[in-house]
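A.B. asks: heads up, no residue letters with this:
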DNA sequence: ATGAATTGACTTTTGAGTAACTTACCTAGA
DNA sequence: TCTAGGTAAGTTACTCAAAAGTCAATTCAT
């Protein structure tokens, strides 16, 4: 256990390991409830190494959120860039999100963590990623609303928020039913979205 | 400031004040990110008084969640007890939830806090309230799903979560646009719910 | 043999929880 | 109506544990 000295693991690989463990922990329990020591233990290394590579806890979180946000935003962007009607895009966006999230469903909650300290690098990074995702969502939402006959910017802002929140809810439900595949989640989401409108 | 001795505020009222402040803080930042000291400061009293009334931090959270859960469950129950078809109930439930959540939108986040320590009174109380609300919502949701051709209990559970989460998002949006009336919000919600299904 | 990887053993800060004291209110008896 | 004393409300000043962050020493790969 207590062996000192290098183990021959290059920094890049070790950083990836740490980010994997930390993202999972942050997403499960939230920023405040995660200790650097527990992350280090889970990764099989010592606390100072984490600090050596990522500086502060804030820095570690920021790194997690930037990587996660990059993966998510990229997948969504790819869908939006493709041609197609609104119906297709909604479904493809859902599929993209669930597919990216499938191996690490906690990524989403990391980005939308509410327990961050209001100041600092972590909060800034999270806000940036959220803004990017909200911006992407708004583009898709605008189309759908136009089809429904509304061009009201208030409608657009509200629906964007509802949409993001609905995805969050689906992801959290998924976390408690990990046996579901991404494809099952897409199919289920389609049914649920359709049902939401029956009462109206 | 540092005046010692009683200020003549009876225990019941002080407890209510503390619960108000604590529920808001827990709902905003999550269990782990809230300190007893900050709650006490915000309530204008000292830390030991909070401990004297609620024991541990776990006990304080449990008290918050029980009160919050009671308020929510009661309002929903009242709507469900009234006769009417699915469409009417959806709309009435929306109206009821908006009304209950308006003065304290963070109540929902408190009940569904993910940063709770897995063991202890707080987690138990939260689970109990979640189960109660989920059970109520599921009754309403089951009807709508039946109309859409699904009797899958997993669908029901997931939709319940999505639905309440969507409503919460609407409430949070509403707080940032207070010029909107409750009736406008109900109408807007109807449009948004309908639009959500365009893709399917 | 140089530098990157890595840790043990610190210091410091923060926050939960407690002990012991102080003050105000309220009622029973004179 | 006045006062003695019990009880409820409240604080200051601590203890203790956990967790953030630092430093200097150590080992391995090239």
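C.D. replies: Great, that's in hand. As the structure is a prediction and not an experimental result, all values here were calculated from the model. Residues are numbered from 1 along each chain as shown, chains lettered A, B, ... in the order given.
A.B. asks: Helix or strand: which one has the most centrally placed residue in chain A?
C.D. replies: In chain A, the centroid-proximal residue (Cα atoms, centre = their mean) is residue A:108; its distance is 2.4 Å. Using DSSP states H and E, residue A:108 maps to helix A:107-111.
A.B. asks: gap between that helix and the chain center?
C.D. replies: Here helix A:107-111 is found 4 Å from its chain centre; the criterion is Cα atoms, centre = their mean, to the nearest Å.
A.B. asks: related to what we said a few turns ago, isn't the residue nearest to the centre of chain A right up against residue A:26?
C.D. replies: No: if you go by Cβ atoms under 8 Å, residue A:108 and residue A:26 don't touch, sitting 11.3 Å apart. Backbone N, C-alpha and C define where each C-beta goes, glycine included.
A.B. asks: Quick check: which helices or strands does the helix or strand where residue A:192 lies pack against?
C.D. replies: Using DSSP H and E, residue A:192 falls within helix A:182-196. If contacts are counted by 3 or more Cβ pairs under 8 Å, 6 or more residues apart in numbering or on different chains; DSSP states H and E, helix A:182-196 sits against helix A:86-101, helix A:153-175, helix B:121-147, helix B:153-175, helix B:182-196.
A.B. asks: if we go to 7 Å?
C.D. replies: helix A:86-101, helix A:153-175, helix B:153-175, helix B:182-196 (3 or more Cβ pairs under 7 Å, 6 or more residues apart in numbering or on different chains; DSSP states H and E).
A.B. asks: residues near the spatially closest residue to residue A:152 that is not a sequence neighbour, how many?
C.D. replies: Nearest non-adjacent residue to residue A:152, counting by Cβ to Cβ, 6 or more residues apart in numbering or on different chains: residue A:145, 7.7 Å away. For residue A:145, the neighbour count with other Cβ atoms under 10 Å in any protein chain shown is 23.
A.B. asks: Over to residue A:194?
C.D. replies: Applying other Cβ under 10 Å, we find 17 residues neighbouring residue A:194.
A.B. asks: How about residue A:124?
C.D. replies: Residues lying near residue A:124 (other Cβ under 10 Å) number 14.
A.B. asks: Smallest distance to DNA strand D belongs to which residue of chain A?
C.D. replies: Closest residue of chain A to DNA strand D, Cβ to the nearest atom of the strand: residue A:5 (2.5 Å).
A.B. asks: How confident was the prediction at that residue?
C.D. replies: Note on residue A:5: pLDDT of 81.
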